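Asker: model the structure of this input:
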Amino acid sequence: MNLVEKAKEYCREEYKAYLIYSFIAKNPFVPKKTRDIFDKASKDEYEHYKFWRSISGECTSGFFTVKQWIYVMILWLFGITVVLKLMESSEKHAQIDYKELVESDLRVEGINKIINDEEKHEEMFVENINEGRIRYLSSIALGITDALIELTGIYTGSLGAFANSLSAGLIGLIAGISASISMGVASYTQAKHAGLLKPAVSALYTMIAYFIVALLLALPYFIFTYVLFGFAIMIAICVLIVAYMSFYVSVLHEKSYVKELLENTGLILGIAFALYIVGSVIRQFIGLTID
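Answerer: So this is what the prediction gives:
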């Protein structure tokens, strides 16, 4: 690949970074200090884009709007840290390529400036971006995982015991609310002994995570009349939640997303199936049906 072709590729990457950083810098829900950091980074990225464009010619396209909105959705769903992690990989490869170009290209000064800017951005992001949801990810994961296992177990194990979906939804929601408080206390105790996180904040994240999952899993039973249909939608929601958390873990810890998703989904559904068998056997003996 000659310099012009490489420059076009780098030009596109720098323009993508400029668009994403600009959006974060203008987002009113992002703290001002963080917005200022991204504003500075976006201006640098735009200068990098102009540098590569001077070599490659025009390199933007309508597809950048699509990419920008994909990253915007990721920002809303997963936060700034995940967006930065996703961009980090391509930027690291670019920095390696830039350093190789320095040895063969006459525009050494311009490329060296870009390398220095990218390294400064990395330092700024590491030092200043400290999202609560990332710091307390273990607490959130505890609440979500426990809720998925316990509540899918309750819904699956009691399948056939409820004569109507409303009863199933109410039982699951009540169990979820009480369990979220219990998990919050457990998280508080765990964080207090570990001494790494604020116990009260850790407990709050665990409780909220558990309650949200409990609410989402109960929702189909309040919407649909048939218990089996509500159960099927509940399982689909369960898989979506697992997919969400698997994406988080795979990006932050640089693991395979597919492997994480399959392992976690298999674990949750395997436990649910086992509890269905247990529930069916128990009902055969006592013949219980809840109106």
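
Asker: hey, let's count contacts and neighbours off CA atoms from now on
Answerer: Noted.

Asker: burial measure for Trp76, as a count.
Answerer: 10 (other C-alpha atoms under 10 Å).

Asker: any idea whether it is helix, strand or coil?
Answerer: helix (DSSP: H, G, I helix; E, B strand; the rest coil).

Asker: likewise for Cys59?
Answerer: Under three-state DSSP, Cys59 falls in the coil class.

Asker: residues touching it, list them.
Answerer: Residues in contact with Cys59 (C-alpha atoms under 8 Å, 6 or more residues apart in numbering) are 8, 11-12, 53.

Asker: now do the buried residues in whichever strand or helix holds Phe247.
Answerer: With elements taken from DSSP states H and E, the one containing Phe247 is helix 227-252. Buried residues in helix 227-252, defined by neighbour count with 16 or more other C-alpha atoms under 10 Å: 227, 230-231, 233-235, 237-239, 241-243, 245-252.

Asker: now, which of the contacts of Cys59 sits nearest Ala168?
Answerer: The nearest member of these to Ala168, counting by C-alpha to C-alpha, is Arg12 at 52.3 Å.

Asker: so which strand or helix has the closest one?
Answerer: Using DSSP H and E, Arg12 sits in helix 3-26.

Asker: chain center to that helix: distance?
Answerer: Relative to the chain's own centre, helix 3-26 is displaced by 23 Å; criterion: C-alpha atoms, centre = their mean, to the nearest Å.

Asker: start at 39, not 1
Answerer: New numbering, starting at 39: the last item is helix 41-64.

Asker: what sits up against that helix?
Answerer: By C-alpha under 8 Å, 6+ apart, helix 41-64 touches 68, 72-77, 79-84, 86-91, 93-95, 97-98, 102, 105-106, 109-110, 125, 132.

Asker: do stretch 185-194 as well
Answerer: 206, 210, 213-214, 218, 248, 251-252, 255, 269, 273, 276, 306, 309-311, 313-314, 317.

Asker: so where's the stretch 189-329 of the chain shaky on pLDDT?
Answerer: 196-201, 233-234, 317-318, 320-329 (pLDDT under 70).

Asker: kindly recompute the last result at 80.
Answerer: 195-202, 205, 231-235, 290-292, 310-311, 313-329 (pLDDT under 80).

Asker: please apply the same query to the stretch 39-188 of the chain.
Answerer: If you take pLDDT under 80 as the line, the stretch 39-188 of the chain has these spans: 39-47, 67-69, 93-107, 109-110, 115-116, 122-176.

Asker: related to what we said a few turns ago, the next helix or strand after the helix holding Arg50 to helix 41-64, inter-axis angle?
Answerer: On the C-terminal side of helix 41-64, the nearest following helix or strand under DSSP H and E is helix 70-94. Relative orientation of helix 70-94 and helix 41-64, computed by axes from the mean of the first three to the mean of the last three C-alpha atoms, to 10 degrees: 160 degrees.

Asker: helices and strands around helix 70-94, which ones?
Answerer: Judged by 3 or more C-alpha pairs under 8 Å, 6 or more residues apart in numbering; DSSP states H and E, helix 70-94 is in contact with helix 41-64, helix 146-166.

Asker: buried set for it?
Answerer: 72-73, 75-77, 79-80, 82-91, 94.

Asker: what's the answer for stretch 223-240, then?
Answerer: 223-230, 235, 237-240.

Asker: first vs last residue of it, how far apart are they?
Answerer: This stretch, stretch 223-240, spans 10 Å end to end (C-alpha to C-alpha, to the nearest Å).
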